[in-house]
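Participant: could you work out the structure for the sequence below:
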Amino acid sequence: MKSLFGVVALVTAACVPRSGPSPTVARNEIVARTLMSAWESGDVNVLTDLFYPDAVYDDFPNQAQYQGIREIVGYVQQVQSWAGSLSIDVSEVHPSETGATVEWIFSATQDHPIGNRVPVATGREVVLNGVTILEIENGRIRRAADYMDALALVLQLGAEVRMPGGSVLRLEDVLPPDTTGR
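Facilitator: Numbers count the residues shown, from 1 in each chain. As a prediction, the model looks like this:
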């Protein structure tokens with residue numbers, strides 16, 4: 001009977017989970033945070049090391065998909081080309097055994113044209129909330145997907161959106177009400 005309790009105690013101790021995340025979960029969080037830093041800096045070498053050569057990056061707000069390192073680097077560089085004072089504030093990282101979800105706040109000044117879409121530098125600041133979902137294998141990104149509200153970007157750059165029925169949506173129409181009493 002005494003040896004049975006010893007065996008039960010030993011098995012129970014072996015089954016108790018370790019404190020903290022598994023090495024894979026911890027590594028996936030580092031990969032996610034490193035990607036956000038590479039977005040902020042535009043560091044091509046870091047991006048090249050983070051992604052598999054055949055990785056895919058989906059940019060859902062713009063309905064675009066980038067395949068392979070060259071296209072993914074081009075995607076990041078395109079944002080870098082118009083966004084001065086670019087900052088990405090990571091608010092949360094939710095790592096798992098197979099990837100990570102990153103919640104972030106992007107802020108920048110649009111000090112150069114955005115291709116043919118915005119052919120002038122507005123000098124306006126944009127602040128956007130977004131999420132990036134990552135599929136990670138062996139410490140490298142297999143697939144990434146960005147989600148954010150593109151309407152917020154358009155309105156912050158000074159655009160007006162004509163709605164069906166003739167109404168016009170402006171930035172002040174979507175900002176939260178002023179709580180200062182003014």
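
Participant: could you pull out the strands for this structure?
Facilitator: 51-59, 64-67, 83-95, 99-110, 125-137, 140-148, 161-162, 168-169 (DSSP state E).

Participant: got these as a markdown table, with mean neighbour count, distance to Val44 and mean pLDDT columns?
Facilitator: Yep, even glycine has a C-beta here, placed from its N, CA and C like the rest. Shown next, in a markdown table, are these (neighbours: other Cβ atoms under 10 Å; distance: least, Cβ to Cβ, whole Å; pLDDT from 0 to 100):
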| stretch | mean neighbour count | distance to Val44 | mean pLDDT |
| --- | --- | --- | --- |
| strand 51-59 | 17 | 11 | 98 |
| strand 64-67 | 14 | 14 | 98 |
| strand 83-95 | 15 | 15 | 95 |
| strand 99-110 | 19 | 19 | 97 |
| strand 125-137 | 17 | 18 | 97 |
| strand 140-148 | 18 | 15 | 98 |
| strand 161-162 | 11 | 35 | 92 |
| strand 168-169 | 12 | 38 | 92 |
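
Participant: quick check: Pro61 vs Arg33, distance?
Facilitator: Distance of Pro61 to Arg33, given as Cβ to Cβ, to the nearest Å: 22 Å.

Participant: circling back: to Gly42, which of the strands of the chain lies closest?
Facilitator: strand 83-95 (8.1 Å; Cβ to Cβ).

Participant: could you dump the closest one to CSV, C-alpha only?
Facilitator: The C-alpha coordinates for strand 83-95 follow below in CSV (Å, rounded to 0.1, in the frame of the first residue of the first chain):
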residue,chain,number,x,y,z
ALA,A,83,4.5,56.7,-43.3
GLY,A,84,6.8,59.0,-41.5
SER,A,85,7.2,58.8,-37.7
LEU,A,86,5.9,55.3,-38.0
SER,A,87,5.2,53.6,-34.7
ILE,A,88,3.6,50.3,-33.9
ASP,A,89,2.5,49.8,-30.3
VAL,A,90,1.8,46.2,-29.4
SER,A,91,-1.0,46.1,-26.9
GLU,A,92,-1.4,42.3,-26.6
VAL,A,93,0.2,39.1,-28.0
HIS,A,94,-1.8,35.9,-27.7
PRO,A,95,0.7,33.1,-28.6
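
Participant: list the helices and strands it packs on?
Facilitator: helix 23-41, strand 99-110 (3 or more Cβ pairs under 8 Å, 6 or more residues apart in numbering; DSSP states H and E).

Participant: if anything else comes up later, I'll come back, but that's it for now.
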